[in-house]
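# Need a 3D model of the sequence below.
(chains A and B)
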Amino acid sequence: MEVATGAGRSIPDVPLVALSGACVHFGAVRALDGVSLSVSAGECVGLMGHNGAGKSTAVNVINGGLTPTDGEVRYGHEDGKNGTGVARARACGIRSVFQELSLCPNLSVLENLRVPHRDLTGFGWRRTAAGRIAGALDEIFPGHRIQPGMIVGDLTLAERQMVEIAAGFAGGPTPPRLVILDEPTSSLDASIARQLLDHVRRFCTNGGAVIFISHMLGEVFEVASRIDVMKDGKIIASRPASEFTQQGLIDAMGHVAAEKTAARATVESSQRIGEEVLKTPEGLNARKGEVVGLAGLAGHGQAEALARYFMSRSGKPGRVKDPEVAFVAGDRGRDGVMPLWSILQNLTLTHLPSLTRRGLVDAVAEQALGADWKKRIGIRTDNLDNLILSLSGGNQQKVLFARALASTAPIVVMDDPMRGVDVGTKQEAYDMIRTEAANGRTFLWYSTETEEVRQCDRVFVFRNGQISAELTGDGITEENILAASFQMQGAGA
Amino acid sequence: MNGKYRILLPVLSLTVLLAAVFYLQPRAMSYFGLNLLFNLAVPIALATIAQMMIIMVNDIDLSVGTFVSFVACVTATFLNDAPLIGVAILLASILAYAAIGALIHIRQLPAIVVTLGMSFVWGGLAVLLLPSPGGAAPAWIRTVMTVKPPLVPMAVVACILIAGLTHLLIMRSSTGTLLRAVGGNAQAVARSGWSVTKLKAGAYALAGVFGVLAGVCLVGLTTSADANIALRYTLLSIAGVILGGGEFTGGRVSPVGAVLGALTLALAGSFLSFMRLSPDWQIGAQGAILILVLAVRLIFSRRGRKWKGAENG
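Residues are numbered from 1 along each chain as shown, chains lettered A, B, ... in the order given. Okay, the predicted model is just below:
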């Protein structure tokens, strides 16, 4: 139980961290506009808000990454010689686990711990590091198969996220007192996410504190003792979690409630769906105008099935202008955005062949296409020539949607495209997919979230790289999907 | 590619080349023969390590060759005539390297441009010091470079020492891990409260140290210097790092591989001489060997990576 040591000894009523009237301005943008927030030992604060509400900025102020332009930050365990910025926050026991993976892929798991743990020096540091990370992994994710000597680049996305979480909770000379988890479960499947939630509760019971940021409302309600809702750089509501309902929370965040669209979908689907347009060796098939979901636990072969299908149908000579399949990436950093390009260049990438006049890109047509899609899917920017990275994650994802939908491809393959996207953007994306399907496009959609899978007309559940069930219409329920994902494993264990 | 397999290819290519040389010229298979084969590889290995330090932090150094030439000129003049001033100049040049590293990071300049510019600076200084070939090697360096250890020749011992020590420094020590972390994900390092500027300056300073060692060793072997003595080291060192399993980005480097890569490149020259290839063709043939080895590596790593990306879902 190395992980929780020391956390229990904090003085009551002295918050671990307190922001008072913190403001952060980037030029004219008020990213944080007078936020007062305090976290005490034993609390688990759910920080909610749609993308761009100021959550990340608030987190960066708490962990010392940003200095507020106005207002102040106080830490509960300060001894006056802690330095400044990130080092000061770390010395006070503040740890952050970021949404975008912040591990070094070229280093091993234990070597990655060296970066945040400054005391790991001298002879035998490797053994100490291995002990700390293995201890934390064993405690949080019992049954994991990660060795401290493994190179991070060889791990799967879920395993990397597990390592990152474990590093946040790993004990050291200054024990973790407040751990900030930013979308910690976005790449984890349900059973591993459960282990994490259990650990968060244990950690808080033992006197630690957690700031939990997630777009999965269920998770937030499960662990949070208090929920703070942010909007436009302010905290607009802060109440015990028991006083919120899911609906109330969504309303507070300023988005229209996520209503069930499944019923509407089944009615229209009979007229929409046409003949079969694709069939793969493993049994995946889809018809014209159909939205086909790939479900199951993360890492059971869904992404590979999509990749195999996409690779087999793309890149053929002569089909560049008229592609068969378009791809929407979920891991934006890895196979989505071109980080140095503008929004417009990112958007028109797959469409370039038809924008070409005599070997040159027709700039006017490109602008027109960009402006059209900006309006159609509501990319929040005043200038498409800005860098793609100036957009929030959800808006970057919209650009990737536009990139795929702008092409003439009749089939669109989506690899968990809503990873880390806020509720409002998701609703817009669902509508977009519905509209496109009504126009005769076929979608193959891998998702780890039940809510998204329920948007589909037909769902294939994967288990151990094979299709274990095919669900349609009203049969697409969480229970059925879980049953198909677990069946064998449950019997085996 | 896993770190453990990464080292296989340089070992394999060196073994194949060494076997070919021994087949063509069995007399090379002796204490004296090996020393002769690998003598000039020692400074190349050191320069390759210097280049590796820079590639480790995602930059590239086009000034290694002229820097080593400059150091060689300092060694053959000041270090011989007025050792104190010589040492001071060499220390200052290491500091200059660190400053360049800091400058590149603070101003976010492309390293390729800055180091290309610096290569003219070092080259100019070298010409100022020694307008025509000459100078003399300090006696102690001469002694070190011509020492005859029992059983294994000096060149081989030196290469093993260089490989072993830099492996400890870069792959095992906690400081080396931090430097590799800068190459892997500089943002994560900065977020943990480290100064990336200082770390980069450190990596560049290490490159300076190994560049100085390369220049001093070179003069110890050649006994005199020339302003253009090591120009080809720039490309040899880059090729050596890549041949040794390193990658241009991502902090994936291997010191042992880099030394092996340098040895392979040095040996490729001897191999072509033994084949009685005209010197006119040698540079081209050396390039062909390099392309061949890298092509083999590409095939290996492709096979491993093809579906790896998809697994990460």
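# pLDDT weak spots in chain B?
Applying pLDDT under 70 to chain B flags the ranges B:1-5, B:304-313.
# most centrally placed residue in it?
Nearest to the mean C-alpha position of chain B, counting by CA atoms, centre = their mean, stands B:Thr48 at 0.9 Å.
# With adjacent residues omitted, what lies nearest to it?
Across the structure, with CB to CB, 6 or more residues apart in numbering or on different chains as the measure, the residue nearest B:Thr48 apart from its sequence neighbours is B:Gly240 (3.7 Å). Heads up, the C-betas are built off the backbone N, CA and C, glycines and all.
# Hmm, the one you found is touching B:Ala266, no?
No. Counting by CB atoms under 8 Å, no contact exists between B:Gly240 and B:Ala266, whose distance comes to 9.1 Å.
# Among these two, which residue is more densely surrounded?
A side-by-side neighbour count of B:Gly240 and B:Ala266, using other CB atoms under 10 Å in any protein chain shown, places B:Gly240 first with 31 against 24.
# which residues does that one contact?
Each residue near B:Gly240 by CB atoms under 8 Å, 6 or more residues apart in numbering or on different chains is listed here: B:44-45, B:48, B:51, B:258, B:261-262, B:264-265.
# neighbours around the residue in the stretch 51-200 of chain B positioned nearest to chain A, how many?
Checking the stretch 51-200 of chain B residue by residue against chain A with CB to the nearest CB singles out B:Gly184 as nearest, at 3.0 Å. The tally of other residues near B:Gly184 (other CB under 10 Å) stands at 26.
# I'd say it and A:Ser102 touch.
No. Under the criterion of CB under 8 Å, B:Gly184 makes no contact with A:Ser102, lying 10.4 Å away.
# Could you list the paired strands of whichever strand or helix holds A:Gly46 along with their orientation?
Following DSSP states H and E, the helix or strand that holds A:Gly46 is strand A:44-48. Looking at strand A:44-48 with DSSP bridges, its partner strands are strand A:209-213 (parallel), strand A:226-231 (parallel).
# helix or strand right after that strand?
Assignment by DSSP H and E places the next element after strand A:44-48 at helix A:55-62.
# packing partners for that next one?
With contacts defined as 3 or more CB pairs under 8 Å, 6 or more residues apart in numbering or on different chains; DSSP states H and E, the secondary structure elements packing on helix A:55-62 are strand A:17-26, strand A:29-39, strand A:44-48, strand A:178-182, strand A:209-213.
# is the one helix or strand A:Glu159 maps to anywhere near chain B?
Of the helices and strands defined by DSSP H and E, A:Glu159 is found in helix A:157-169. Yes. If you take CB under 8 Å from any CB of the partner chain as the test, helix A:157-169 does meet chain B, through A:Leu157.
# And for A:Glu290, the neighbour number?
23.
# Three-state assignment for the residue nearest to B:Thr48, please.
For B:Gly240, the secondary structure call by DSSP: H, G, I helix; E, B strand; the rest coil comes out as helix.
# shaky segments in the stretch 351-493 of chain A?
Per-residue confidence of the stretch 351-493 of chain A (counting by pLDDT under 70) places the weak regions at A:420, A:486-493.
# Would you tell me which residues of it are close to chain B?
Taking CB under 8 Å from any CB as the criterion, the stretch 351-493 of chain A approaches chain B at residues A:415-416, A:446.
# all helices for the stretch 151-300 of chain A, in order.
Counting by DSSP state H, counting those that start in this stretch, one finds helices in the stretch 151-300 of chain A at the ranges A:157-169, A:190-205, A:217-223, A:246-253, A:262-272.
# Of all the ones you listed, which one comes closest to B:Ala214?
Relative to B:Ala214, the nearest member of the helices of the stretch 151-300 of chain A by CB to CB is helix A:157-169, separated by 38.2 Å.
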